[in-house]
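Trainee: give the three-dimensional model of this entry:
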Amino acid sequence: MSSSTRETADSAACAERPQIALGRQALSLAEAIALARGEAIAVLDEDPAHRHRLERTAEFVQESHRGGTDVYGVTTGVGASVDNLIPAAHRERAARNLLRFHGVGTGRILDEEEAAAVVVARLASISRGRSGVRPVVIERLVSLLSARMLPRIPAEGSVGASGDLTPLSYVAAMVVGEREVTLEGEVLSSADAHERLGLEPLELLPKESLAIMNGTSVMTGLAVLALERARALASLASVVTAIVSEAVHGNPQHFDDRIFEWKAHPGSRACARVIREHLEIDRPRKVARLQDRYSIRCAPHVIGVLLDALAFGRDVLEIELNGANDNPLIDIEAGDVLHGGNFYGGHVCFVMDGLKSAVASVADLLDRQLVLLCSPTTSDGLPENLVGVSGAEAVAHHGFKAMQITASALAAEAQKLTMPASAFSRSTESHNQDKVSMGTIAARDCLRSLELAETVAAIGLLAASQAVELRGGSDHGERTRTLVDFLRQHVDPLREDRRQDHDIERVLALLRAAALPHVGRGEALDPSRFGASNASGSAAP
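Mentor: Residues are numbered from 1 along each chain as shown. Next up is the predicted model:
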């Protein structure tokens, strides 16, 4: 494809996607996710007054240090080297060295969606006009994001205050044409990618490299993605619970709305509503016992904690996403340079530490439900281990026995990760960073917990579908039949023993593509629909 043809195609592709303006208006989590996935295009707010404000703020920084005012990271060294005064002749070199010496990241490389989420989070902050970054730098990051030129960011190396210095240095390096990037999925040097896009790398002025690096945007970008995945997990867990309840001939009264109105945690009530609707609660059915075991009866109370954690986390992350979270900050109206600690990621860490605990609890819940399905005593007579072969040959098959072991191992690993990262604050960088958040570690832990819990949920869905078919489908509602029929287009039922790892991967792919019928991320599981006005209960039971 010629360069002119490619430019035309790229322009057409961009024109088909909605634009989201960055700058004056707060960015929602949904908008941040759309930008990270390339479903929308970022643009710098075109308001002339806002652009002028950005320009004046950047000029003010340069005027301040030219006029003899000490500005951290511009006229001084960084961190514990703050007492080192940098002569004017060396300040541009110091700005470049800042991103270079932080090129010490280790571990896995963030995937493209994660890297894009990091760039989006950094843009949301610096475009507000408190960081002293020129519009041209913001517009360059916007252009690279739109072209899907993304930094290759190692996941490890941040203590979460002074923000995400090391991983964000890979964003700054991309802008100046250093280190490696992906361009539409291909790994290139940043210099080569700039050349391919017909762009010259930018030179960052004093303060600009620090403004890009000294923020909470890695932990925040990852946390935004974690919240989205956790909502999908909660949805699948609710649906699996409903199918398991049907399969073991459970008592649907456990999900009566009155129970949840009288202890009105919004997340629990939302979960119970989804289960109730999936069960078609008024439909006649066989009920094997008055009270089911806790992993079924109390499922809305377990999954509800996750949903309410999401509601809390959304509010916290929207503040963090749109906050000026670097140092120093500029008050152009008052003419002040303010030195503070907005780079501290304690709020993000608290949300991620809490969320990973709620996620692990859901993984454990689903693991317990799997055990109920696999035992004839607790399943009301389903074949042991859900073996799909009948007759004398059945004893030679093992069904979901090994799937139970895998689910148990995954749930245990998720539970192991619940240790709060914030508890491991440690003094570092010559005791300048003597209290740190560990927010980025918490966000990484949460994503790993989600990966584990999603896999347990995938195994749970496979087992529940097997149980439905072993029952003959007659005791199940329309939603269950629709979901199982869809699943069977992608995964065969388990008859004779065979490998099932590919089955798990297919279900995970469907979950992550939001393709499973009746498993969503939207308003059905939004606790805000139920509010908290009945927190004291509307009546005595």
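Trainee: and the chain, what are its domains?
Mentor: As recorded under automatic domain parsing, the domains making up the chain are 3-215, 223-422+430-519.
Trainee: can you say which of these is nearest to residue 525?
Mentor: Residue 525 lies closest, by Cβ to Cβ, to one member of the domains of the chain: domain 223-422+430-519, at 5.3 Å. The C-beta positions use only the backbone N, C-alpha and C, and glycine is treated the same way.
Trainee: what's the first-to-last distance across the closest one?
Mentor: 22 Å (Cα to Cα, to the nearest Å).
Trainee: rank the domains of the chain by pLDDT, which is bottom?
Mentor: Lowest mean pLDDT within the domains of the chain: domain 3-215, a mean of 90.
Trainee: any idea how far that one is from the chain center?
Mentor: Distance of domain 3-215 from its chain centroid, counting by Cα atoms, centre = their mean, to the nearest Å, is 21 Å.
Trainee: and for stretch 416-436?
Mentor: On Cα atoms, centre = their mean, the centre of stretch 416-436 falls 22 Å from the chain's centre.
Trainee: and if you look at stretch 430-449?
Mentor: Distance of stretch 430-449 from its chain centroid, counting by Cα atoms, centre = their mean, is 16 Å.
Trainee: can you check stretch 394-413 too?
Mentor: With Cα atoms, centre = their mean, you get 29 Å for stretch 394-413.
Trainee: residues in contact with that stretch: which ones?
Mentor: For stretch 394-413, the surrounding residues in contact (Cβ atoms under 8 Å, 6 or more residues apart in numbering) are 360, 363-364, 366-367, 370-371, 373-374, 383-389, 452-453, 455-456, 459-460, 462-463, 466, 494, 496-497, 500.
Trainee: ok, which stretches of the stretch 301-450 of the chain are strands?
Mentor: 329-331, 336-338 (DSSP state E, counting those that start in this stretch).
Trainee: so which of those strands comes closest to residue 393?
Mentor: strand 329-331 (72.4 Å).
Trainee: partners of that closest one, with directions?
Mentor: strand 336-338 (antiparallel) (DSSP bridges).
Trainee: buried set for the strand it pairs with?
Mentor: residue 337 (16 or more other Cβ atoms under 10 Å).
Trainee: identify all contacting residues around it.
Mentor: 61, 64, 69, 71, 328, 329, 330, 331.
Trainee: of all pairs in these, which one is the farthest apart?
Mentor: Taking Cβ to Cβ, no two of these sit farther apart than 69 and 329, at 14.4 Å.
Trainee: more neighbours: those two, which one.
Mentor: residue 329 (19 against 13; other Cβ atoms under 10 Å).
Trainee: enumerate every residue touching that one.
Mentor: 130, 131, 337, 338, 340, 342.
Trainee: pretty sure the last one is touching residue 324, no?
Mentor: I take that to be residue 342. Yes: using Cβ atoms under 8 Å, residue 342 is in contact with residue 324, at 6.1 Å.
Trainee: check the contacts of residue 329 and tell me the two furthest apart.
Mentor: So, the contacts of residue 329 by Cβ to Cβ: farthest apart are 337 and 342, at 13.6 Å.
Trainee: the strands in the chain, which residues?
Mentor: Along the chain, the stretches classed as strands by DSSP state E are 19-22, 41-44, 106-109, 149-151, 154-156, 180-183, 186-189, 329-331, 336-338.
Trainee: hang on, the earlier thing: out of the contacts of strand 336-338, flag the one nearest to residue 232.
Mentor: Taking Cβ to Cβ as the measure, residue 232 sits nearest to residue 329 out of those, at 36.0 Å.
Trainee: can you tell me how far that closest one is from residue 210?
Mentor: 11 Å (Cβ to Cβ, to the nearest Å).
Trainee: burial of the closest residue to residue 56 other than its chain neighbours, as a residue count?
Mentor: Spatial nearest neighbour of residue 56, chain neighbours left out: residue 332 (5.4 Å); criterion: Cβ to Cβ, 6 or more residues apart in numbering. Using other Cβ under 10 Å, residue 332 has 18 neighbouring residues.
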